[in-house]
Structure formats: structure tokens, C-alpha cells
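1. Sequence plus predicted model, see below.
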Amino acid sequence: MKIGPFAGSFAVFILLILMCHATPGSADVDVNIGINIPPVVVAAPPAVVVIPGTYAYFVPDVSADIFFYHGYWYRPYQGRWFRAGSYNGPWGYIAPARVPGVLVHLPRDYHHIPPGHDRIPYGQLKKNWGKWEREKYWDKHSNKERHKEDKWGYKESKGRGK
């Protein structure tokens, strides 16, 4: 049987269409490079503790290391660092060069809360962290001085006018 000149071209054309036709299942893109971070459930906005000698804060009493620094939340996991805009994520991987040095070089005993270092409620952190950094609050206030003021850096009136 003799095949006409267009029959071979037509067969190739049909074959190409069938090969290039995408079905809904094959059109999905799944990129996974193996950097999954397990979720940490924090039921309520967490209190934090300032790490002495820094303007970094850590969240005590959770199952993972979570830090707050310069308006972002950071979390190390399996030798990698992740950053989020909220304490409960979503967490995105950040390159090692982008991790703040203060977090990379934390004191070994940063989990130990020294006497006089109170837990700072989330609302106070969110409201004041920028002011505390600009005004170098933690550099200026020793533990003894902090007890003369209220817990968050505002002078008590003690019967005097404001």
C-alpha cells in the first residue's frame, strides 16, 4: 500500500498534538527542594525575653527556637534559617548571608533568664521594639533601674505630676 505525501506529515502532526496536549493533572507544578519546616503551634501571641547584650528576643516555653529581631521572627531548623513576619509563620528560607549576625552568634546560655529579666508580653514587644532599639533602652537600663520603673520602660509617677 502506498502512502500519499500528506499522510506521513499528517500522522506526525497528530502525534505531536497528542504529545503536547496537557491534561489538568500533568499541568500542576510541584517544586520541593527538601526544605520543609515542621509547624510550631503557639496557641496565643507569645511573651518574649530579651537576650542580654542584644536587641534580639527569644520565645521561652516552646518546642523550637523562635527569635524576634528587627521586626521579623526567625527560626533555625536543621542548620538552615527561616524568617516570617509573624510568630506563627509562614516561614520562608533565608540564605545564610541574610541571617542577622546577632542571631548566629547568640550566647550559649541565652535560654537562661537572668534575675530581673521579665517576660515581655507580645503586645508590648509589637508596640515598643522599634522605640527600644532607637533609644537604646536595654543599654541604658540595668536590672536594678528597671525595678524602679514599670516593667516596660515608662517611669512611674509616684505621686508626682507627669
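-> Ah, there it is. Numbers count the residues shown, from 1 in each chain.
2. Run a quick neighbour tally on residue 134.
-> By the criterion of other Cβ atoms under 10 Å, residue 134 has 8 neighbours. All C-beta atoms are positioned from the backbone trio N, CA, C, and that covers glycine.
3. Check residue 48 too.
-> Counted by other Cβ under 10 Å, the residues lying close to residue 48 total 23.
4. okay, it: pLDDT?
-> Model confidence at residue 48, given as pLDDT, is 94.
5. That one - nearest residue in space that isn't next to it in sequence?
-> Distances taken as Cβ to Cβ, 6 or more residues apart in numbering place residue 57 nearest to residue 48, at 3.9 Å, with adjacent residues excluded.
6. And for residue 68?
-> Leaving aside its sequence neighbours, residue 68 is closest to residue 57 (4.3 Å, by Cβ to Cβ, 6+ apart).
7. what does residue 45 give?
-> residue 122 (3.5 Å).
8. List the contacts of the one you found.
-> Going by Cβ atoms under 8 Å, 6 or more residues apart in numbering, residue 122 touches 44, 45, 46, 47, 48, 87.
9. count of residues packed around the spatially closest residue to the fourth one that is not a sequence neighbour?
-> The reference is to residue 47. Sequence neighbours aside, residue 119 is the residue nearest to residue 47 in space, at 3.9 Å (criterion: Cβ to Cβ, 6+ apart). Counted with other Cβ under 10 Å, residues neighbouring residue 119 total 16.
10. again, but for residue 69
-> Residue 69: 20 neighbours (other Cβ under 10 Å).
11. Then residue 103?
-> 18.
12. A helix includes it, no?
-> Yes. Counting by DSSP: H, G, I helix; E, B strand; the rest coil, residue 103 is located in a helix.
13. Tell me which stretches of this protein form helices.
-> 5-20, 101-104, 122-134, 137-140, 143-148 (DSSP state H).
14. how about the strands in the protein?
-> Ranges of strands in the chain, per DSSP state E, are 49-50, 57-58, 67-69, 72-77, 80-84, 92-94.
15. In a markdown table, list those strands along with distance to residue 132.
-> Output for the strands of the chain, formatted as a markdown table (distance: least, Cβ to Cβ, whole Å):
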| stretch | distance to residue 132 |
| --- | --- |
| strand 49-50 | 9 |
| strand 57-58 | 10 |
| strand 67-69 | 12 |
| strand 72-77 | 16 |
| strand 80-84 | 20 |
| strand 92-94 | 24 |
